[in-house]
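Colleague: predicted coordinates and the sequence they were generated for:
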Amino acid sequence: MMIDDIKNGIARLTGIVGGLIGGTEDQFLYIGSRLNEVYNEVESISRQASSLVGILESSAMKKTIGQFYEVLDRMDRHIRSSDTKFNNGMDALKEVRDVVSHVGNPLANFRKIVKKLKILSISTKIESAQLKHMEIDFVNLAGDVEQLSALIHEKSTSIDNHRRSLVSLVQQTLAKVIGINEKSKWYVNEVLGNIKSSINLLENKQELSFNVADSMLARFNATSKRVGEVVMEMQFHDITRQQVEHIRDVMDTMEKKLDPMATGPDGADIGEEKTSLMAEAAIACELQKAQLVDARDKFVRAIIAIMDNLKGVVINVFKIIDDVQKITGTTDIISANFFSNIESETASVIEKLEEGTLASRELSEAMGGLSTSVSTISGLVDDIEEIGEEIELIAVNARVKAAHTGSEGAPLGVIAEAIQHLSIDATSQKTTISELLRRVIAATEDLHMVMAENISGGVSDTGNIIEELAILLTELKAMNDEVITLVSEIETKSRGLSDVIENTILDITVHNDFACDVDAASVYFDDVISKIKEMVSEDDLKKARGLSLKYIEKNYTMQRERIVHQSIAAPNVIPFDSHGRGKAASAISEDAIESDELGDNVELF
Amino acid sequence: MTKRIMTVDDSVSVRQMVSFTLKNAGYETVEACDGSDALTKLNGSGVQMIVTDLNMPNLDGIGLIREVRTKPEYKFIPIIMLTTESQENKKQEGKSAGATGWIVKPFKPEQLLAVIKKVLG
């Protein structure tokens, strides 16, 4: 074995170590530039998520909810007012129905009058037949009475027919009013139900957004922390580079030390000085191998931590998407159903309110028909009044004729008196009917007025509600559009960010390459060390350990290097924690760093 | 007005991380690859603070501090050492040269920012 071989081996190791770190910085710079992109994108997503929360928490949203409540109150008033008006209408209609029904009684009395008149006409004819003179006058009287009975029959039948048709119309109108009232209540209840559910949804989302906002803030803080961890781990390239440079420097020094010795063959006895130097070289190699393995472990650990933290950023970003979806519902609900449901339900409610208004108009027209029927009946009642006057005249005429006839005309006097009674009865029945019809006219007019007010008020209320709902809907849609845009952008950005990070992670191979190179170098270290150990004794190595350590130690700048050094120099001392990054053992007292709120590694002078 | 900080390090990746941290906190940055480069870029730069490595080619961190302190306009500029070096004698050397503070790598972004806030206000 030649010292030359050892020297050449160390020279080769110097070269290998020197080349270890050179090509690794490019990947760190690549990670650094990606980290910058990631951070900017996370910031952008954070701003958009805050805007989203802001919209849902905004005064505009609160105002919209408040307006919904106002509409709710108005709808409530609308229900009460409609109910009162419809009840009034119902009462008026029922009164019309009842009064018109009562008209039937005096009309039945007219039928009795007609019957009596017919009998009187016959009696007059019989009595006149017994009187030879003045027969013609009595025949005429009997004819007048008969004609009168026919006229009364005709008029009273007509009144009865109109009365029946009026009762039928009232019954139909009553049924319609009841239907409309029920419909109106149903419409309004549906409106209230829809608005209430909308308000509840909005309120729930608003409340949820407060809770989720905190969670999102925590996620952004966690993401920032992850980014901070990456920044810290990224510095391990520089730390590793320095450590590797120090290893290279020690190997270079060793190579130079060996250079003057590397002449001539080495036998079993290579001379004391050479033996000592060779032992020193073995210890230096052992130490530098340990430094190199430590550098590798640190480097690999840093890269794995970088990758883990980048993955953590992706996980946080997707949690932020989850948060966003918690506020807005699932993505499908926002884009397809949530607000469009409100829109379609509101449109359907508006349609139903408009249908209700149309139905009320129809009812008003029906009320017009009711008034016409009542006017016709009134005209017929006037006709009956004229008939009453005619009965009176006939009765007077009969009495005069009976008086002219003398004692023979006494029976005719009785007939005349009966006609007189019928005249009084007819007038009384006419008065009863007239009074009843006046009540019908008054009730109909009231009902017509109530219905007109109801329709006009209903149209006005409905119009305002429709207008207000349309405004609220427009506001909601505008907010919804903004929410959809933000959610879509957040999702797109988050997925893009995830792709960037995943691709970046896939591109990171530097730790594996570095570990392979260090492992190969370690094998070479072992080879050189074992070759040297073949040439020197354990005693030589013990002596060399004491000699070589001090000048090597001076070469270090990092506490970590000293810790590794001491682990070889004083292997019984465990100088660092299980993570390999902790504070040094108390043996390194001169490195104690002043600790304050800024951290153990910071000192302000 | 945005404050401007110079970061001096022969490691591009360290300069990248320091600049990343400072820019995201709202500071402007000027980068220099060693003490000599820093001195060249310092004049008229409007830099209000320097964060420098210790071991660098051409002119190291201690040399840079000494040079900067000779310039009247930068006599009191805060200079923070950001280095892997943690030995007390080196810190004393830095302190004697005029360093304002000492941060041992690796730093956490919030540590660097806390130091800057404390020093620059």
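Modeller: Cool, the structure landed. Every value quoted in this text rests on a predicted model; they were computed, and no experiment measured them. Numbers count the residues shown, from 1 in each chain, chains lettered A, B, ... in the order given.

Colleague: secondary structure element for the residue nearest to A:K94 when sequence neighbours are not counted?
Modeller: Among residues not flanking A:K94 along the chain, A:L174 sits closest, at 7.0 Å (CB to CB, 6 or more residues apart in numbering or on different chains). In this view, the C-beta of every residue, glycine as well, is placed from N, C-alpha and C. Assigned by DSSP states H and E, A:L174 belongs to helix A:135-234.

Colleague: how many neighbours does the residue nearest to A:K94 have?
Modeller: Around A:L174 there are 16 other residues, counting by other CB atoms under 10 Å in any protein chain shown.

Colleague: what are the boundaries of the helices in chain A?
Modeller: With DSSP state H as the criterion, chain A has helices at A:3-20, A:25-57, A:59-102, A:104-130, A:135-234, A:236-258, A:272-328, A:331-332, A:339-405, A:410-507, A:510-535, A:538-554, A:559-569.

Colleague: kindly calculate the angle that the fifth one makes with helix A:104-130.
Modeller: Interaxial angle of helix A:135-234 relative to helix A:104-130 (axes from the mean of the first three to the mean of the last three CA atoms, to 10 degrees): 170 degrees.

Colleague: which strands or helices does helix A:135-234 pack on?
Modeller: The contact analysis (3 or more CB pairs under 8 Å, 6 or more residues apart in numbering or on different chains; DSSP states H and E) places helix A:135-234 against helix A:25-57, helix A:59-102, helix A:104-130, helix A:272-328, helix A:339-405, helix A:410-507, helix B:12-24, helix B:109-120.

Colleague: thought A:A60 was touching A:M479?
Modeller: Yes: here A:A60 reaches A:M479: they are 6.8 Å apart, a contact under CB atoms under 8 Å.

Colleague: looking at the two, which is more packed in?
Modeller: Taking neighbours as other CB under 10 Å, A:A60 and A:M479 compare with A:M479 leading, 18 against 13.

Colleague: ok, and the closest non-adjacent residue to that one?
Modeller: Nearest non-adjacent residue to A:M479 (CB to CB, 6+ apart): A:I55, at 5.9 Å.

Colleague: also A:R163?
Modeller: Take A:R163 and drop its neighbours on the chain: the residue closest to it by CB to CB, 6+ apart is A:V103, 5.1 Å away.

Colleague: ok, which stretches of chain B are helices?
Modeller: Secondary structure of chain B by DSSP H: the helices cover B:12-24, B:35-42, B:61-70, B:88-97, B:109-120.

Colleague: can you pull the contacts of A:Q67?
Modeller: Listed by CB atoms under 8 Å, 6 or more residues apart in numbering or on different chains, the contact set of A:Q67 reads A:E468, A:I471, A:L472.

Colleague: who's in contact with the most centrally placed residue in chain B?
Modeller: For chain B, the residue sitting closest to the mean C-alpha position, by CA atoms, centre = their mean, is B:V51 at 1.4 Å. Neighbouring residues of B:V51 by CB under 8 Å, 6+ apart: B:I5, B:M6, B:T7, B:V8, B:V18, B:I79, B:I80, B:L82, B:L112, B:I116.

Colleague: chain B against chain A: which residues are in contact?
Modeller: Taking CB under 8 Å from any CB of the partner chain as the contact definition, chain B meets chain A at B:9, B:11-14, B:16-17, B:20-21, B:24, B:54-55, B:83-91, B:95, B:99-111, B:114-115, B:118-119.

Colleague: quick one on the thing from earlier: just name the most buried of the helices of chain B.
Modeller: helix B:12-24 (a mean of 22; mean count of other CB atoms under 10 Å in any protein chain shown).

Colleague: quick one: mean pLDDT over that helix.
Modeller: Averaged over helix B:12-24, pLDDT sits at 96.

Colleague: now swap in stretch A:164-175 and tell me
Modeller: Across stretch A:164-175, pLDDT averages out at 80.

Colleague: send me that stretch as PDB with only the CA atoms.
Modeller: In PDB, the C-alpha atoms belonging to stretch A:164-175 read as follows (Å, rounded to 0.1, in the frame of the first residue of the first chain):
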ATOM      1  CA  ARG A 164    -135.100  33.800  -7.900                       C
ATOM      2  CA  SER A 165    -132.400  34.800 -10.400                       C
ATOM      3  CA  LEU A 166    -131.100  37.400  -7.900                       C
ATOM      4  CA  VAL A 167    -130.900  34.800  -5.100                       C
ATOM      5  CA  SER A 168    -129.100  32.400  -7.500                       C
ATOM      6  CA  LEU A 169    -126.600  35.200  -8.500                       C
ATOM      7  CA  VAL A 170    -126.100  36.000  -4.800                       C
ATOM      8  CA  GLN A 171    -125.400  32.400  -4.100                       C
ATOM      9  CA  GLN A 172    -122.900  32.200  -6.900                       C
ATOM     10  CA  THR A 173    -121.300  35.500  -5.900                       C
ATOM     11  CA  LEU A 174    -121.100  34.300  -2.300                       C
ATOM     12  CA  ALA A 175    -119.400  31.100  -3.400                       C
END
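
Colleague: and that stretch, which residues are buried?
Modeller: A:L166, A:V167, A:L169, A:V170, A:T173, A:L174 (16 or more other CB atoms under 10 Å in any protein chain shown).

Colleague: farthest-apart pair in these, please.
Modeller: A:L166 and A:L174 (12.2 Å; CB to CB).

Colleague: find residues that contact each of the two.
Modeller: What both A:L166 and A:L174 touch, as defined by CB under 8 Å, 6+ apart, is an empty set.

Colleague: low-confidence ranges in the stretch 101-250 of chain A?
Modeller: Scanning the stretch 101-250 of chain A for pLDDT under 70 picks out A:132-135, A:177, A:180-185, A:187-188, A:191-192, A:194-195, A:198-199, A:202-203, A:205-207, A:209-210.

Colleague: so what pLDDT did the nearest residue to A:D513 once chain neighbours are set aside get?
Modeller: Leaving aside its sequence neighbours, A:D513 sits nearest to A:T24 (CB to CB, 6+ apart; 7.7 Å). Listed pLDDT for A:T24 reads 88.

Colleague: cross-check the contact I'm expecting between A:T24 and A:T509.
Modeller: No: in this structure, A:T24 is not within contact of A:T509 by CB under 8 Å, at 10.3 Å.

Colleague: ok, back up a step: just give me how far the helix holding A:L174 sits from the chain centre.
Modeller: Centroid separation for helix A:135-234 versus its chain: 28 Å, with CA atoms, centre = their mean, to the nearest Å.

Colleague: between that helix and helix A:272-328, how many degrees?
Modeller: Orientation check (the same axes, to 10 degrees): helix A:135-234 against helix A:272-328 gives 170 degrees.

Colleague: give me the number of residues near the nearest residue to A:Q243 once chain neighbours are set aside?
Modeller: Excluding its sequence neighbours, the residue lying closest to A:Q243 (CB to CB, 6+ apart) is A:A295, at 4.4 Å. Per other CB under 10 Å, the neighbour tally for A:A295 reads 28.
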